[in-house]
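A.B. asks: have a look at this fold, sequence not included:
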């Protein structure tokens, strides 16, 4: 079985695509039984759509793949702690596990609405945190 | 200037489309300077996508129309109080006004995460509340 660092590395590759498009670099991967069934990267500026977060795109892709609105046997990997919108979306999917890299003390769900997720959803944070945070830091420094 | 009841009536027409598709009947309309620039109805079951709430579909449509991720001069009408996911999406859009019909004491954002919206966003509730609630009640009664 491949481990969380492996999949977070793939989420980071998605984040790099956002970075290359001059978007806040966040990437997400959804895995079900060791198979990648959805992926996404932040496309808010490209699509001019505030809902086009990496996680939302990955959730829609995974749901399409499974033909199921529930992602109960899935793990969602994302390089940055999800926001309230994405946390709310994950609630509806009943996703089994969420693994995120960098924390987001300002916009992350865990501070703003800690009980938003489905009670069955397990949360793991800090996987490849330094790499995930470094990409975000590099992006915001280049904007100053 | 057309009033909130007029536009809520149009949101109810969207909700009826969801009802006719055997979906929880929720509909949304986004209005900018008296022009409808986005609409949507709940398509979660049809699309097998937990993110396909009426509001999310309407937000993406309105953003596409304007070519802008912000909906700062817009009013979003929705027949049911938005959930946390949709409230989070509205935060990102900085929508000017949210007008909703029926309250949702269990899943609505106002109880779970009252501060999720952008500080500039004005909220009006209870417009055509009885009609909005009646459609939902009829739907759930038909399921028993």
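C.D. replies: That came through, no problem. Quantities reported herein were computed from a predicted structural model and do not represent experimental measurements.
A.B. asks: quick one: distance of the helix or strand harbouring residue A:75 to the chain centre.
C.D. replies: Per DSSP states H and E, residue A:75 falls inside strand A:74-80. Taking CA atoms, centre = their mean, to the nearest Å, one finds strand A:74-80 lying 4 Å from the centre of the chain it belongs to.
A.B. asks: over to stretch A:86-103?
C.D. replies: In terms of CA atoms, centre = their mean, the centre of stretch A:86-103 is found 7 Å from the chain centre.
A.B. asks: now it: buried residues?
C.D. replies: A:86-103 (16 or more other CB atoms under 10 Å in any protein chain shown). All C-beta spots, glycine's among them, are computed from the backbone N, C-alpha and C.
A.B. asks: first to last residue in it, what's the distance?
C.D. replies: 14 Å (CA to CA, to the nearest Å).
A.B. asks: so is it next to chain B?
C.D. replies: Yes: legend: contact between stretch A:86-103 and chain B by CB under 8 Å from any CB of the partner chain is shown at A:86, A:87, A:88, A:89, A:91, A:92, A:93.
A.B. asks: show residues contacting the worst-scoring helix or strand of chain A on mean pLDDT.
C.D. replies: Here the helix or strand of chain A ranked lowest by mean pLDDT, DSSP states H and E is helix A:109-112, holding a mean of 93. Here helix A:109-112 makes contact (CB atoms under 8 Å, 6 or more residues apart in numbering or on different chains) with A:81-84, A:86-87, A:103, A:105, A:116-117, A:123, A:125, B:113, B:115-116.
A.B. asks: pLDDT score assigned to residue A:1?
C.D. replies: At residue A:1, the predicted lDDT confidence score is 54.
A.B. asks: what does residue A:78 give?
C.D. replies: So, for residue A:78, pLDDT stands at 98.
A.B. asks: now it, nearest residue through space, not along the chain?
C.D. replies: Of all residues not flanking residue A:78 in the chain, residue A:28 sits nearest, at 4.3 Å (CB to CB, 6 or more residues apart in numbering or on different chains).
A.B. asks: does that neighbour really touch residue A:58, like I thought?
C.D. replies: Yes: because the distance of 4.1 Å satisfies CB atoms under 8 Å, residue A:28 is recorded as touching residue A:58.
A.B. asks: what do those two both touch?
C.D. replies: With CB under 8 Å, 6+ apart, residue A:28 and residue A:58 have common neighbours A:38, A:39, A:40, A:76, A:78.
A.B. asks: now, the buried residues of stretch A:86-103 that are in helices?
C.D. replies: Mapping these onto helices (DSSP state H) picks out A:86, A:87, A:88, A:89, A:90, A:91, A:92, A:93.
A.B. asks: tell me the one of the residues you listed nearest residue A:24?
C.D. replies: For those, the residue nearest residue A:24 by CB to CB is residue A:86; the value is 13.1 Å.
A.B. asks: just to revisit the earlier point, need the residues of stretch A:86-103 next to chain B in a markdown table (columns: pLDDT).
C.D. replies: Formatted as a markdown table, the residues of stretch A:86-103 next to chain B follow (pLDDT from 0 to 100):
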| residue | pLDDT |
| --- | --- |
| A:86 | 98 |
| A:87 | 98 |
| A:88 | 97 |
| A:89 | 98 |
| A:91 | 97 |
| A:92 | 98 |
| A:93 | 98 |
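A.B. asks: give the contact list for residue A:92.
C.D. replies: A:69, B:44, B:50, B:51, B:83, B:85.
A.B. asks: burial measure for the residue nearest to the first one when sequence neighbours are not counted, as a count.
C.D. replies: In this case it means residue A:69. Leaving out its chain neighbours, the residue that sits closest to residue A:69 by CB to CB, 6+ apart is residue B:50, at 4.4 Å. Number of residues near residue B:50 (other CB atoms under 10 Å in any protein chain shown) recorded here: 24.
A.B. asks: appreciated, that's everything.
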